[in-house]
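pasting a predicted model and its sequence here:
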Amino acid sequence: MPEIINRQAPQSTDVESRTAEIIWTTGAAVKRYDWRSGGYYMEMLDVSKDAIRMDRFDTMPLLDTHDNYSMETRIGTVVPGSVRIQDGKGYCKIKFSKSELGERLLQDLADGHPLNISVGYKVWEYNRKDGDTNELPTLTAIDWEPMEISAVQVPADAGAHSRKENRMPDFQTRTENSNPDIDEVIRAAGREPTEKERKRVEEMINLARSMNVDNDSFGFVQEEVRRGTSMADFRNLCLERKIEEEERTPTYAESAIGGYGDSDQRFDRQQRAMEDALYSRMSGTKPSDEARQFMGFRLEDFARGLIEAKGVNTRGMSREDLFLGGHYSRMRPAHGTSDFPNLLQGAGRRTLMAAYENSQSKLKTVIAKPSTATDFRPKTAIKISDGGPLEKVNEHGEVKSFSRSEVAESYKIDTFSAIFSLTRQALINDDLGAFTQWATTAGRKAAITEGKLLAKLLAENSWAGPTMAEDNKALFHADHNNLAGAPDGLDLDGLKLARKAFLKQTDIDGETRINISPKYLLVPTDLEVDAKQLLSTTYPTTYEDSNSFTNDLVPVVDPWLDDQPNAWYLWADPTILPVIEYSYLSGAEGPQIAVREGFDTLGSDFRVTLDFGCGAVDFRGAYRVPNS
């Protein structure tokens, strides 16, 4: 049979004044789970006047199960001046309201039913003590502030309850066998007590007891036996009940786990794992080991998990609260509302960057030199001559200074941007398709923007390139000795002539040979096969047939050059002799994603921004053979 407990009415309850004295804390150790580290710890409260901030007690409410979202859940208040700390326990007197629940609880107390109490509090400082090898760490709150007191079904602190002034003994009677009669449970459920059924019911009873899922575990078991619930389904039901009970006895939203050690680092690690899981879901890539546990999460689960990881109880929050802040942002502004949007932003950026990197132009990744700009004003690139050879030191030991000349080229960066709104409906429906597509498209468009600007630079002056400040002539010009006099096919003879001209290039002084060999053979897609065949390793029958460019030149193909299908270029290593340079705004290299809560539309607004510019900084590191 179930356990039978008889209690007398607490003598501290005064029905006429609607008051009762309660013990609201004993500071007892409570086992809690840290979402961030994935481990358990024991939490204790230092119940002393030095540790507790008492300021709120004179106006403190008595709530229904920590629900502070509405005045409808207030069932009473703490009587001002009634709070006291004695023998490591916290006492106070509560007065019940005349609400329906207040009336019922007052009557229950008068009838002898105990009232379980839980305190919602905020911890300002913990003292951490690590346990032995097999023991959990203990966190003792040495500076904490009670925020409210609640009537609950199952308190975390077993000593927190309504109090009797002169406590009478509780009369308890139990059956000698800790389990009820198996056959009775089976018959009461309307089933036959076969040996198989006895074994199943006994397993269910033992599981319910081991998980401590309910004060009336056997009644719970009997109902599930009646329904014919399988053992696997019963195990899931027990787990769900356990979770519900833990949610009814939280430290509560005002009690943050933080304040000790590397809690912020653990939260960041969890956020990264969630971001990785979200990105894996968007991209179809394999998640990291830490992210696997989150792969089955819906968007709502991600939002809830991030809030709870900061010690906030999400029970009662609507989906809007989870996604967009709502009560959460009004109650706890210190946490902000950016965690979930930032999670989407991080996963979106990774999706965007993957598409961006796969779509970049070779003009940028191979041919141009990277740089940064500190602002949006014209950026100046200075070219300084080498100044010729070293001069011989005369017999008097006199060392002469270099005579060097310099010229400057300039260009500026501009801003390119687009906005996408992830709607409230998409968030609730767990629909990431549109967001994934937008992030992928935005990444490709950013790469296209860069490639188009670089190609546009080369296409100026009918593909002669931009005008150089050095001499007011186009980048590719006969006077620069970097433009073939007539179109020439891409063959070995043409390469020899182009390389010969390249090696004769001189410094700013017009006399000193630079003596830098070309590294890249740059061609449009129509010449890709010709270029690769020309530079491929062959086995010539004679020395005259050998190709000296096989190991010297690297073929580079870029479709942005296709408007000139037969033109081709020799190009120097941009780290040694740059011709084209591009810049991002310093600190914002590549496309950047920003997020904000939607205002014009419900949901979240995402913006991709690219601060980019390019320009020609020298003509000496490139040679062009025009289109035939």
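Noted; the coordinates are in hand.

hmm, what's the outermost residue in the chain?
Farthest-out residue of the chain from its mean C-alpha position, per C-alpha atoms, centre = their mean: Glu395, at 70.0 Å.

show the pLDDT at that residue.
Glu395 is assigned 71 on the pLDDT scale.

likewise for the one 10 residues further on?
Residue-level confidence at Ser405 comes out at 63, pLDDT.

do Ile142 as well
Looking at Ile142, its pLDDT stands at 91.

identify the residues contacting it.
Taking C-beta atoms under 8 Å, 6 or more residues apart in numbering, we find Ile142 in contact with Asp46, Ala51, Glu125, Tyr126, Asn127. All C-beta spots, glycine's among them, are computed from the backbone N, C-alpha and C.

can you count the residues close to the first one?
What that stands for is Asp46. Asp46: 17 surrounding residues under other C-beta atoms under 10 Å.

name the nearest residue to it, ignoring sequence neighbours.
Counting by C-beta to C-beta, 6 or more residues apart in numbering, Ile142 is the residue found nearest to Asp46 once chain neighbours are left out, at 5.0 Å.

count of neighbours near Glu406?
Neighbourhood size, Glu406 [other C-beta under 10 Å]: 9.

list the beta-bridge partners for it.
Beta-bridge partners for Glu406, by DSSP bridges, are Ile384.

looking at it, it is touching Ala469, isn't it?
No: under the criterion of C-beta atoms under 8 Å, Glu406 makes no contact with Ala469, lying 11.9 Å away.

please export the C-alpha coordinates of the host helix or strand of the residue nearest to Asp46 as CSV.
Assessed by DSSP states H and E, Ile142 sits inside strand 138-151. Once non-C-alpha atoms are left out, strand 138-151 reads as follows in CSV (Å, rounded to 0.1, in the frame of the first residue of the first chain):
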residue,chain,number,x,y,z
THR,A,138,30.5,22.8,-3.3
LEU,A,139,29.5,26.4,-4.0
THR,A,140,28.5,28.3,-0.9
ALA,A,141,26.6,31.6,-1.5
ILE,A,142,28.3,34.0,0.9
ASP,A,143,26.6,37.1,-0.5
TRP,A,144,23.1,36.6,-1.7
GLU,A,145,19.8,38.4,-1.9
PRO,A,146,16.3,36.8,-1.5
MET,A,147,14.0,38.2,-4.2
GLU,A,148,10.7,36.3,-3.5
ILE,A,149,9.3,33.4,-1.6
SER,A,150,7.1,30.8,-3.4
ALA,A,151,4.7,28.0,-2.4
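
now the strands: where do they sit in the stretch 151-300 of the chain?
Assigned by DSSP state E, counting those that start in this stretch, the strands in the stretch 151-300 of the chain fall at 161-162, 171-173.

mean pLDDT lowest where, among these?
With a mean of 26, strand 171-173 has the lowest mean pLDDT of the strands of the stretch 151-300 of the chain.

returning to what we had before: Three-state assignment for the residue farthest from the centre of the chain, please.
Secondary structure assignment for Glu395 (DSSP: H, G, I helix; E, B strand; the rest coil): coil.

give the contact list for it.
Glu395 touches nothing, counting by C-beta under 8 Å, 6+ apart.

and the gap between the most centrally placed residue in the chain and Ser97?
Centroid-nearest residue in the chain, with C-alpha atoms, centre = their mean: Leu343, separated by 3.5 Å. Counting by C-beta to C-beta, to the nearest Å, the separation of Leu343 from Ser97 is 41 Å.

ok, back up a step: per-residue pLDDT, the residue nearest to the centre of the chain?
pLDDT, Leu343: 82.

so Ser410 lies in a strand, does it not?
Yes: counting by three-state DSSP, Ser410 is part of a strand.

that one and Ile85: what is the separation?
Distance from Ser410 to Ile85, by C-beta to C-beta: 73 Å.

of those two, which one has the most company?
Ile85 (16 against 13).

OK, contacts around that one?
Counting by C-beta under 8 Å, 6+ apart, Ile85 has contacts Val47, Ser48, Lys49, Ile52, Tyr91.

for Val83, same thing?
Val83 neighbours (C-beta under 8 Å, 6+ apart): Met54, Phe57, Gly90, Tyr91, Cys92.

what distance do you get for Gly112 to Trp24?
21 Å.

these two: which is more packed in?
Set Gly112 next to Trp24 and count neighbours by other C-beta under 10 Å: Trp24 wins out with 28 against 13.

looking at it, that one is touching Arg84, isn't it?
No: Trp24 is beyond contact range of Arg84, at 10.7 Å (criterion: C-beta under 8 Å).

element containing the residue nearest to the centre of the chain?
helix 339-358.

list of residues touching that helix?
Taking C-beta under 8 Å, 6+ apart as the rule, helix 339-358 contacts 271, 274-275, 278-279, 282-283, 302-303, 306-307, 310, 322-323, 422, 435-436, 439-444, 446-447, 590-591, 593-597, 604, 606, 608.

just the residues you listed: which are in strands?
Among the contacts of helix 339-358, the ones falling in strands (DSSP state E) are Leu422, Ile593, Ala594, Val595, Arg596, Glu597, Ser604, Phe606, Val608.

pull the most distant pair out of these.
Glu597 and Val608 (17.4 Å; C-beta to C-beta).

so these two - more neighbours on which side?
Val608 (24 against 15).

quick check on the contacts of Ile85: which are buried?
Among the contacts of Ile85, the ones that count as buried by 16 or more other C-beta atoms under 10 Å are Val47, Ile52, Tyr91.

in strands, which of the residues you listed appear?
Among the buried ones among the contacts of Ile85, DSSP E puts Tyr91 in strands.

okay if I get the buried ones among the contacts of Ile85 as TSV plus pLDDT?
Putting the buried ones among the contacts of Ile85 into TSV (pLDDT from 0 to 100) gives the following:
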residue	pLDDT
Val47	91
Ile52	91
Tyr91	90
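
dump the buried ones among the contacts of Ile85 to JSON lines, plus distance to Arg499.
Below are the buried ones among the contacts of Ile85 laid out as JSON lines (distance: C-beta to C-beta, whole Å):
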{"residue": "Val47", "distance to Arg499": "86"}
{"residue": "Ile52", "distance to Arg499": "84"}
{"residue": "Tyr91", "distance to Arg499": "95"}
